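> need a structure here:
(chains A and B)
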Amino acid sequence: MVDNISFSEQVHEDFKSSALAELPKEMRLELYKTMVLIRRFEEKSSQSFMQAKIKGFCHLSIGQEAIAVGVCAAIGPEDVVITAYRDHGIALARGISPKACMAELYGKSTGTSKGMGGSMHFFDKNKKFFGGHAIVAAQCPIAAGVAFAQRYLKENTVTVCLLGDGAVNQGVFHETLNLVSLWKLPVVYIIENNQYAMGTEIHRSTAGLPLVKKSVAYDMAGMVIDGMNVEEVRKKVLEAANLARNENCPVLIEARTYRFRGHSMSDPDTYRTKEEIAEAKKRDPIALYSQLLLDQGVLTRDLIAQIDKEIKKVIQEAVQYAESSPEPDLELARKICFAEEDSIEPPQRPLYGLIVD
Amino acid sequence: MATLTYRQALNEALSEELERDNTVFLIGEEVGEYGGAFKVSQGLLKKFGPERIIDTPISEAAFTGLAVGAAMYGLRPIVEFMNWSFALVAFDQIINNAGSIRFMSGGQFNFPIVFRGPSGGGTQIGATHSHALENWLANVPTFTVINPAFPADAKGLLKSAIRSNNPVCFFEGERLYGIQGDVPEEKDFLVPIGKAQIVTEGKDVTVLSSGFSTHVVLQALETLSKENISVEMIDLRTIKPYDFDLVASSLQKTNRLVIVEEGKPFAGWGAQIAYDVQHLLFDELDAPIYRVSNLDIPNPYNGKLEQEILPNPLRVIQAVHNVLR
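Residues are numbered from 1 along each chain as shown, chains lettered A, B, ... in the order given. Coordinates of the predicted model:
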């Protein structure tokens, strides 16, 4: 435990100092590359879904990449990230391999969740990625609990919880804000406000806008940030995380963004106009950032082409890996239901439902 | 051995396990300053401090979800519901999160969490406060469901539940808190999960029950023994996974089974046991299995009527007579 604490403090010192200075070129390229990786991964997922290789639900985060990447660049490896069902981007930004992510979409035993979770339920305990939660707002109190445990164990770590704008009308979101503020837990909630709760435009779903005002009722720090600007996301989330980490001050952030695709792959997108989507795409976070980096000489056309090529290869390899991976079987499903009981006599657990001859 | 009430036995279990492992904490409404709505946690705040005995707002979904998150991060929460009926407000956190995340993550996260509190009817507090949710929770594949009848089992099973690395739903009897019994005093006294016990040996009929229903059967036994009916009484203690082997060995002797369970009849846990028994022990049975459960009516406030709706000694006696006919 002691080793962990000193390690994470060092990490946070590094992060703090890098916030003050201009971002190093390598980091800016990394932010750009990760956004492109997410975009291409999502485009490929969409294709595989259309080919019926990916089943169930598939929610794409195209248009929202800057939040995933900015958030994960703002926290250390010992901090915890947790999100809703639109989770591919956050998982990739957190450093989970595209192979494991794609294999999960394909339902394979090599996936992030061994093929048991699917698109909405990616998890990686080692990377401190606590899911992938598909009941709207259900991850909010879990994040509070992780933050509670971080403080209970006297760590200097924080938890960052992402949620959609549709989640703010769930009771448990409000109950959770009350608790984290009351108990001053080290947690940052980030509402990815893409303006639509599935097909319901935010003015049809939510009173008391802007969303950031929800922080006022619970006496929390609130911030509004441009979710299309990856460096701004990183900088503001870093500030928020430091407040939570060092000042016992939980924070609520409203990150303004837009989803360029439908709610899920099965969404015909009839509730908004083509013009509205086209207008939003003028602020495509990847286009905005690549232009900025081109203008500042960090990126060149050649480098863009090279990065595209590299990422194309990564995605191809991920698909090949997913396609060639084995399916999970009943034995595995049964095995993972229960943790090993090492401090009590392990109960015998018959498989109810099985027909016995 | 010490003579303790069921309430004191639970209190000792909590205290000993909090003492033993500092990742264990208790969270719920009125568990600290108030000492627990039913005084199960009395004295624990003073002993372990507000970091580990945590009073919450009336906010079941949030504090239950918080406990789930804390378990994912390696702590061992004990969540007290002032009444199991209030857990209905937190069912998403209990079933979807505590119940599914281990599986949905491919087995990456452990959930060493105990949900506990009083359950069942019989105290005239109306339908919303009188649920026996054992069968609802037993329907979750990853849950262990415990419902002890006696102080010693309450203590030994709660300690096992806290030490378990898997989620346990622990049902106490609101009407049991005051009953007394002998409880072993050694610190490592555990009752194994999944093991039933024979309360009385008999040869004519096996009567199976758990929790408060076990005491209903004991009352019925006073009449039945006067009629010279020899009842083998099994107290299940753990509802899921239940001790099929003990039930089977008893039935090889009696060949007749009555199941007494508090809860509504449709899809109750007794139905599963009856199914398993007829499926696996068909040749052992000399008569159809009888179930005594609640009648399929919400619990009323009126006391006399509520007793009529709950499993009661009269209906147990009737079922035993029927199975012996």
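
> Contact residues of the stretch 201-325 of chain B facing chain A?
Counting by CB under 8 Å from any CB of the partner chain, the residues of the stretch 201-325 of chain B close to chain A are B:Thr238, B:Pro241, B:Phe244, B:Gln272, B:Asp276, B:His279, B:Leu280. Bear in mind the C-beta positions are built from the backbone N, C-alpha and C, glycine included.

> Between all of those, which two are at the greatest distance?
B:Thr238 and B:His279 (20.4 Å; CB to CB).

> Comparing the two, which shows the higher neighbour count?
B:Thr238 (25 against 10; other CB atoms under 10 Å in any protein chain shown).

> is that one in a bridge, and if so with what?
B:Ile146 (DSSP bridges).

> What pLDDT is listed against A:Asp14?
In this model, A:Asp14 is scored at 50, pLDDT.

> OK, contacts around the residue in the stretch 201-325 of chain B that chain A sits nearest to?
Closest to chain A within the stretch 201-325 of chain B is B:Pro241: 4.9 Å, counting by CB to the nearest CB. Contact partners of B:Pro241, counting by CB atoms under 8 Å, 6 or more residues apart in numbering or on different chains, are A:Pro347, A:Gln348, A:Arg349, A:Pro350, B:Thr144, B:Gly194.

> Show only the entries of these found in strands.
Among the contacts of B:Pro241, the members found in strands (DSSP state E) are B:Thr144.

> Most widely separated two among the contacts of B:Pro241?
Taking every pair in these and measuring CB to CB, the maximum separation is 13.0 Å, between A:Pro350 and B:Thr144.

> between these two, which one's more packed in?
B:Thr144 (25 against 13).

> How much space separates the residue nearest to that one when sequence neighbours are not counted from chain A?
Beyond its immediate neighbours in the sequence, the residue positioned closest to B:Thr144 (CB to CB, 6 or more residues apart in numbering or on different chains) is B:Val168, lying 4.6 Å away. For B:Val168, the distance to chain A (CB to the nearest CB, to the nearest Å) stands at 10 Å.

> List the residues that contact B:Val168.
So, once contact is read as CB under 8 Å, 6+ apart, B:Val168 ends up touching B:Ile113, B:Val114, B:Phe115, B:Phe143, B:Thr144, B:Val145, B:Ile146, B:Ala161, B:Ile193.

> Bridged to the third one, which residues?
Read it as B:Phe115. Beta bridges link B:Phe115 to B:Val79, B:Cys169, judged by DSSP bridges.

> Settle this for me: it is touching B:Ala87, isn't it.
Yes: taking CB atoms under 8 Å as the definition, B:Phe115 is a contact partner of B:Ala87 at 6.7 Å.

> what residues are shared contacts of these two?
Contact with both B:Phe115 and B:Ala87 is made by residues B:Thr64, B:Phe81, B:Ile94, according to CB under 8 Å, 6+ apart.

> Give me the distance between the closest residue to the first one other than its chain neighbours and A:Lys214.
Spelled out, that is B:Thr64. Excluding the flanking residues, the one nearest B:Thr64 by CB to CB, 6+ apart is B:Ala90, at 3.8 Å. Noted for B:Ala90: a distance of 21 Å to A:Lys214, by CB to CB, to the nearest Å.

> Looking at the two, which is more packed in?
Here B:Ala90 and A:Lys214 are set side by side on neighbour count (other CB under 10 Å), and the busier one is B:Ala90, at 26 against 22.

> Next one, pLDDT for that one please.
At B:Ala90 the predicted local distance difference test score is 98.

> How about A:Tyr189?
A:Tyr189 is assigned a pLDDT of 98 by the prediction.

> just checking, what packs against the helix or strand that contains it?
Take DSSP states H and E as the rule and A:Tyr189 turns out to sit in strand A:187-193. Judged by 3 or more CB pairs under 8 Å, 6 or more residues apart in numbering or on different chains; DSSP states H and E, the packing partners of strand A:187-193 are helix A:65-74, helix A:139-152, strand A:159-164, helix A:171-182, helix A:230-247, strand A:251-256.

> Show the average pLDDT along stretch B:145-163.
For stretch B:145-163, the per-residue pLDDT averages 98.
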